[in-house]
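Q: prediction below, plus the sequence it came from.
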Amino acid sequence: MANFSKTTPGSGGDLDSEFHSLTEYLMTTLKDQELTVLMSQMALACKATSRACAKAGIANLFGMAGDQNSSGDDQKKLDVLSNDIFVNALLKSGSCCVLVSEENEEPIIVPEKDAGRFCVCFDPLDGSSNIDCNVSTGTIFAVYEKKTPGKLGSVADVLRVGSDIVAAGYCMYGAATELVLCFKGQSVQRFALDPSLGEFVHTHSNVTFPSGGGKKIYSCNEGNFPYWDQPIKDAVTEFKAKKYALRYVGSMVSDVHRTILYGGVFVYPADSKSPKGKLRVLYEGFPMALLVECAGGKASTGMFNGSVQRMLDLEPTHVHERCPVILGSPRDVDFILSKYN
Ligand SMILES: O=P(O)(O)OC[C@H]1O[C@](O)(COP(=O)(O)O)[C@@H](O)[C@@H]1O
Ligand SMILES: [Mg+2]
Ligand SMILES: [Mg+2]
Ligand SMILES: [Mg+2]
């Protein structure tokens, strides 16, 4: 049996006779057939979305779809297509009872005859503003186990604290397509899509923030500086004085991925234009917070509703609720939060 506690550099190279696939990882570590099927369908949808992003220019998939979603975002064609891909794949899994997507105003409640034990909240294509200029985008998801009785799911199955999440992950559509996963209580794993094989191949185990906090990087949309509260302004001003570098892609998946691998901090705070922040709790804040904590980092809301809160302790009351986000290495998250003392 594969040893997934070890990183397997070079595995999956064209000439390797042995490599470890995502399928093998799921089959050997999960011991839960329904969750394995769900994750396999999730991976299939990631591959289909990766293909759509790669072919967008030649398949006339850039540009607007013409509608707005429930957050008020103008939907791009790829937002709509990727949403259809994920909804169809997850419905076919037979493992889901509730689906919450950024692109669907209402949660999808799966009919009893097709329903399973799990609820999935997802952002099918994150980083919409980067689609048309071919900069990295991604998918973000969180999985919960149904808690209400009976087979029919309800919105109560997803409106709960983030620490109830059983699995979280993101897939980045960048120079390579990469899937990063974490099951509750387990470490973070990285898989890269080998296009010639059509499979996600295991590349890194036990992914953690660099010790000591890593590179001195802060990541935020600093154009919002005038609208931030004083503690966030002070922290960012001090990062500059301490010669931190600013790196900001504007796709949460890419910015969080870099933050986990290199260190530093990613911030999308509340501001006077958006008092609840911009990012959505269920399919952006929570899954990233779980991954960051599993990798040894911290994820907080900063000052929100009168107190500084660990993000996974929030209990949302609406599926498209927003929250401020401060996540990254403990060194930098604690530094920002100290400004609220
Ligand atoms: O353009 P801004 O205001 O800096 O916002 C960037 C943020 O918005 C998002 O694009 C929102 O996600 P969607 O593209 O899924 O709506 C995040 O990926 C990113 O962190
Ligand atoms: Mg959007
Ligand atoms: Mg998003
Ligand atoms: Mg999106």
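A: It's in. Ligands and ions are numbered 1, 2, ... in the order given.

Q: for the residue in the stretch 1-150 of the chain positioned nearest to ligand 2, which residues are in contact?
A: Residue nearest to ligand 2 within the stretch 1-150 of the chain: Asp73 (3.5 Å; C-beta to the ion). Glycine gets a C-beta too; all of them are placed from N, C-alpha and C. Residues counted as contacts of Asp73 (C-beta atoms under 8 Å, 6 or more residues apart in numbering) are Asp79, Glu102, Ser128.

Q: can we see that at 6 Å?
A: With contacts defined as C-beta atoms under 6 Å, 6 or more residues apart in numbering, Asp73 has no neighbours.

Q: would you say Ala168 is within a strand?
A: Yes - under DSSP: H, G, I helix; E, B strand; the rest coil, Ala168 falls within a strand.

Q: quick check: Asn130 touching Ser251?
A: Yes - between Asn130 and Ser251 there is a contact under C-beta atoms under 6 Å: 5.1 Å.

Q: who has more neighbours out of the two?
A: Legend: neighbour count by other C-beta atoms under 10 Å for Asn130 and Ser251, higher for Ser251 (23 against 18).

Q: circling back to that earlier point, common neighbours of Asn130 and Ser251, please.
A: Residues within reach of Asn130 and of Ser251 at once, by C-beta under 6 Å, 6+ apart, are Thr137.

Q: show me what counts as buried in stretch 232-244.
A: Ile232, Ala235, Val236, Phe239, Tyr244 (16 or more other C-beta atoms under 10 Å).

Q: do any residues in stretch 271-285 lie close to ligand 4?
A: No - if you take C-beta under 5 Å from the ion as the test, stretch 271-285 misses ligand 4, and the best it gets is 8.1 Å.

Q: buried set for that stretch?
A: Under the neighbour-count criterion of 16+ other C-beta under 10 Å, stretch 271-285 has Asp271, Lys276, Gly277, Lys278, Leu279, Arg280, Val281, Leu282, Tyr283, Glu284, Gly285 buried.

Q: repeat that for stretch 321-337.
A: Neighbour-count burial for stretch 321-337 [16+ other C-beta under 10 Å]: 321-329, 331-333, 335-337.

Q: from those, which is closest to ligand 4?
A: Arg322 (13.1 Å).

Q: list the contacts for the closest one?
A: Contacts of Arg322 by C-beta under 6 Å, 6+ apart are Lys276, Gly277, Arg280.

Q: how far away is the nearest residue to the second one once chain neighbours are set aside from Arg190?
A: Beyond its immediate neighbours in the sequence, the residue positioned closest to Gly277 (C-beta to C-beta, 6 or more residues apart in numbering) is Pro324, lying 3.6 Å away. Pro324 sits at a distance of 27 Å from Arg190 (criterion: C-beta to C-beta, to the nearest Å).

Q: tell me, what residue is most central in this structure?
A: Ile140 (3.2 Å; C-alpha atoms, centre = their mean).

Q: my guess is that residue meets Tyr170, correct?
A: Yes - look at Ile140 against Tyr170 with C-beta under 6 Å: they come within range, at 4.7 Å.

Q: on that earlier part again, which ones are touching the residue nearest to the centre of the chain?
A: By C-beta under 6 Å, 6+ apart, the residues touching Ile140 are Asp123, Asp126, Tyr170, Tyr283, Glu284, Pro287.

Q: residues contacting Tyr170?
A: Gly138, Ile140, Val180, Val253.

Q: next, count neighbours for the third one.
A: When you say that, I think you mean Val180. Neighbourhood size, Val180 [other C-beta under 10 Å]: 23.

Q: what mean pLDDT does the strand or helix carrying it get?
A: Secondary structure assignment for Val180, by DSSP states H and E: strand 177-183. Averaged across strand 177-183, pLDDT comes to 98.

Q: stretch 104-119 now?
A: For stretch 104-119, the per-residue pLDDT averages 97.

Q: let's see that stretch as CSV, backbone CA atoms only.
A: Coordinates of the C-alpha atoms in stretch 104-119 are reproduced here as CSV (Å, rounded to 0.1, in the frame of the first residue of the first chain):
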residue,chain,number,x,y,z
ASN,A,104,-27.1,29.5,-7.4
GLU,A,105,-29.3,31.8,-5.3
GLU,A,106,-31.0,29.0,-3.4
PRO,A,107,-29.4,25.8,-2.1
ILE,A,108,-30.1,22.7,-4.2
ILE,A,109,-32.0,20.2,-2.1
VAL,A,110,-31.4,16.8,-3.8
PRO,A,111,-34.6,14.6,-4.1
GLU,A,112,-34.7,11.8,-1.5
LYS,A,113,-34.3,9.0,-4.1
ASP,A,114,-30.9,10.5,-5.3
ALA,A,115,-29.7,11.8,-2.0
GLY,A,116,-26.7,10.8,0.1
ARG,A,117,-25.1,11.8,3.5
PHE,A,118,-23.1,14.8,2.4
CYS,A,119,-23.6,18.5,1.8
